[in-house]
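Q: Sequence and predicted structure, then a few things I'm wondering about:
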Amino acid sequence: DVDEGDYVPEEFWPVSDPTNPLSPIVQRGMAFSGNEILAVPPQMKFALRSWSLETWIRPTSPDQTATIIQRSVGVDQVNYELGLIDGFPMVAFDGPDAGGETIDHYTITGPEVLPQNEWTHLVATYGADEATLTLYVDTFPVAQAVYPEKRPEPLLVSNTPAVVEIGDNFIGQLDEIRVW
């Protein structure tokens, strides 16, 4: 029996059920309105010759051009970038050509616009040894480019500080962003 004025902890501090893995449900994703950028502190662990980028994405605005995650190493030069071009998923990087004299831009784009207001799993990989750039949507490879003659190495450093940013111009939600 609880009398008026008695201390009832559940009213002030809700407790979770340790036998239920969904208790409490905690939302840990990020929502972007197109005006925010999440800047990741600079660390050399993000300077990758070969890489994989992964995220769950839920765009809420159609046909947007935005950056999901990007490591820029100079003016208009990226170590890697995963984003959208007019709603199509894309992955890109910049690297010197085989002779090392010019910086080329390498990019591939998925064949279909991502659905609006639905969660989609995106993965992009670049294997420097194989010189292969691949884009996956919901675990299926949807675009791939192989550069056997050029063997481009992604830019890792330049004369300006490297910057890792998430969500530039993006409208929607992102979850479980991974770089390795």
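A: Happy to help now that I have it. Residues are numbered from 1 along each chain as shown.
Q: Is the residue lying closest to Gln77 once chain neighbours are set aside part of a helix or strand, or is it coil?
A: Computed as Cβ to Cβ, 6 or more residues apart in numbering, the closest residue to Gln77 that is not its neighbour in sequence is Asp94, at 4.6 Å. C-betas here are computed from N, CA, C, even on glycine. Per DSSP: H, G, I helix; E, B strand; the rest coil, the local secondary structure of Asp94 is strand.
Q: separation between Asp94 and Val75?
A: Counting by Cβ to Cβ, to the nearest Å, the gap from Asp94 to Val75 is 11 Å.
Q: between the two, which one's more packed in?
A: Taking neighbours as other Cβ atoms under 10 Å, Asp94 and Val75 compare with Asp94 leading, 22 against 8.
Q: thought that one was touching Thr107?
A: No: in this structure, Asp94 is not within contact of Thr107 by Cβ atoms under 8 Å, at 9.5 Å.
Q: ok, the residue nearest to Gln77 - contacts?
A: For Asp94, the contact set (Cβ atoms under 8 Å, 6 or more residues apart in numbering) comprises Val73, Gln77, Val78, Asn79, Ile103, Asp104, His105, Tyr106, Pro154, Leu155.
Q: Dig out what it forms beta bridges with.
A: His105 (DSSP bridges).
Q: What about Thr132, how many residues nearby?
A: So Thr132, with other Cβ under 10 Å, has 15 neighbours.
Q: How about Glu54?
A: 17.
Q: strand partners of the strand or helix carrying it, parallel vs antiparallel please.
A: Here Glu54, judged by DSSP states H and E, is contained in strand 51-59. Neighbouring strands of strand 51-59 in its sheet, by DSSP bridges, are strand 120-127 (antiparallel), strand 171-179 (antiparallel).
Q: returning to what we had before: would you show me how to pick out the buried ones of the contacts of Asp94 in PyMOL?
A: Selecting only the buried entries of these in PyMOL, with 16 or more other Cβ atoms under 10 Å as the criterion:
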select buried, resi 73+77+78+79+106+154+155
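Q: still on that earlier bit, what's the spacing between the residue nearest to Gln77 and Leu156?
A: Distance of Asp94 to Leu156, given as Cβ to Cβ: 11 Å.
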